[in-house]
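>>> Give me coordinates for this.
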Amino acid sequence: MSNDKTYHGSCFCGAVRFTVTGEPVAMGYCHCNDCRHWSASPVNGFTLWPKDALKVTQGEELIGTYHKTDNSHRKWCTKCGGHLFNAHPTMGLVDVFSSVTPDFPHKPAVHVYYGETVLHVKDGLPKMKDLPAEFGGSGATLPE
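Just a heads-up that it's a prediction; the model follows:
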C-alpha cells in the first residue's frame with residue numbers, strides 16, 4: 001500500500017479534473033517569456049512531477065494542447081479556457097501550475113529563467129539565469 005499523498009486540481013470551471021500523487025521533483029517560479037505570456041502574469045508558479053503522477057479523472061476530451069516548442073505542450077480546458085498543466089516530454093515531466101491544485105502546499109525552492117524577469121523578487125531563493133544544469137540549463141545563478 002502506498003503512503004503517497006494525492007492532490008486534486010481542476011480547470012477554472014471544473015469540467016476538467018485531475019490528481020497528482022506523490023511529491024514533485026521541483027517547484028518554484030518561472031520568469032521565462034513564454035510562461036509569462038501564456039499565464040498573462042509577470043511570473044508563473046510551477047510544480048514539476050513525473051508524468052505518471054498525473055491522472056486526468058474527468059473531462060479528458062475537453063483538454064486542448066498547444067506546443068510552440070517540442071519541450072512544452074501546454075494544456076487547457078476548451079470549455080472555459082482555464083490553464084491546467086504543461087507536459088515536458090523531453091524531460092518526462094509535467095508542470096502542474098501551482099494555482100490549479102489548491103490542496104497542494106506549494107513551497108518554491110528556486111526561480112528559473114530569472115535572466116528574463118520583469119518582476120524582481122527578493123525572497124532569498126536561488127535565481128537561475130535559465131535552468132539548473134540537471135534540467136539541461138547552464139546552472140548559472142544571478143544576484144538577487
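>>> The helix or strand bottoming out on mean pLDDT in the chain packs against which elements?
The element with the least model confidence among the helices and strands of the chain, by mean pLDDT, DSSP states H and E, is helix 33-39, at a mean of 91. Judged by 3 or more Cβ pairs under 8 Å, 6 or more residues apart in numbering; DSSP states H and E, the packing partners of helix 33-39 are strand 44-50. All C-beta spots, glycine's among them, are computed from the backbone N, C-alpha and C.
>>> what's the burial count for Val100?
The number of residues packed near Val100 is 20, by other Cβ atoms under 10 Å.
>>> Just list the residues touching the nearest residue to it once chain neighbours are set aside, thanks.
Once flanking residues are discounted, Val100 sits nearest to Gly9: 4.5 Å by Cβ to Cβ, 6 or more residues apart in numbering. Counting by Cβ atoms under 8 Å, 6 or more residues apart in numbering, Gly9 touches 17-20, 84-85, 96, 100-102, 104.
>>> Can I take it that Gly9 is in a strand?
Yes. Counting by DSSP: H, G, I helix; E, B strand; the rest coil, Gly9 is located in a strand.
>>> related to what we said a few turns ago, please flag which of the contacts of Gly9 sit within strands.
Of the contacts of Gly9, the ones assigned to strands by DSSP state E are 17-20, 84-85, 96.
>>> Now, of those residues, which are buried?
Neighbour-count burial (16 or more other Cβ atoms under 10 Å) is assigned, among the ones in strands among the contacts of Gly9, to 17-18, 20, 84-85, 96.
>>> can you put these in CSV and add pLDDT and distance to Pro42?
Output for these, formatted as CSV (pLDDT from 0 to 100; distance: Cβ to Cβ, whole Å):
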residue, pLDDT, distance to Pro42
Arg17, 98, 28
Phe18, 98, 26
Val20, 97, 25
Leu84, 96, 21
Phe85, 96, 20
Val96, 96, 20
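>>> how about the residue nearest to Pro89 when sequence neighbours are not counted, secondary structure?
Leaving aside its sequence neighbours, Pro89 sits nearest to His73 (Cβ to Cβ, 6+ apart; 6.5 Å). Under three-state DSSP, the three-state class of His73 is strand.
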